[in-house]
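**Q** A structural model of the following input is requested.
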Amino acid sequence: MFSYIKSVLGYNTCDIYFCHCNVPYVNTSDISKQHWALFFNWKDKNLVYELGKNQGLITPSCTEGEPTPIYTRVLLSSATQVDPDAVHEAAMNCSLNGQPYSAGWNNCQQWTEEIANKLEIPLQYDKISGVPAFIAHLLPVTSVNLKR
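**A** Presented below is the predicted three-dimensional model:
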């Protein structure tokens, strides 16, 4: 496994945020059913990476600037040394790109998790709910899956 996150001089320092928001057809407080994205906040550049769709197929989407106000942000990592080109490469080479989109599978949650894993952004998983621990406390009790 190779590491995109470097602790050497010459790479840009950024804050990395997990972003989530309701989608028009699902209004829920259950974060596991909301739209997910990653926001990278460098000193000289801000980029939002998220799953896009083109004719029902997953495509990577990159928007320059701040996330829209509908997003809620959760800081994942502060002052992280990460190369913007590496982030772009990870998004462009996601294994879900080109696959049919499905709200239940092949969705923005899996896409965002894969990008975070490729960049070695730590996503510890909650053992009860099975979702990243940094958002598990945001889930309503009704969404908890008890794993056996």
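**Q** what residue ranges in the protein are flagged as low confidence?
**A** Applying pLDDT under 70 to the chain flags residues 1-11, 123-148.
**Q** where do the helices sit along it?
**A** 84-92, 108-118, 133-136 (DSSP state H).
**Q** now mean neighbour count and distance to V48 too, for those, in CSV please.
**A** Glycine gets a C-beta too; all of them are placed from N, C-alpha and C. Shown next, in CSV, are those (neighbours: other CB atoms under 10 Å; distance: least, CB to CB, whole Å):
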stretch, mean neighbour count, distance to V48
helix 84-92, 17, 11
helix 108-118, 20, 11
helix 133-136, 17, 18
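**Q** those: which one's closest to C62?
**A** helix 84-92 (6.5 Å; CB to CB).
**Q** how distant is that closest one from the center of its chain?
**A** What separates the centre of helix 84-92 from the centre of its chain is 13 Å, taken as CA atoms, centre = their mean, to the nearest Å.
**Q** now swap in stretch 98-115 and tell me
**A** Chain-centre distance of stretch 98-115: 11 Å, with CA atoms, centre = their mean.
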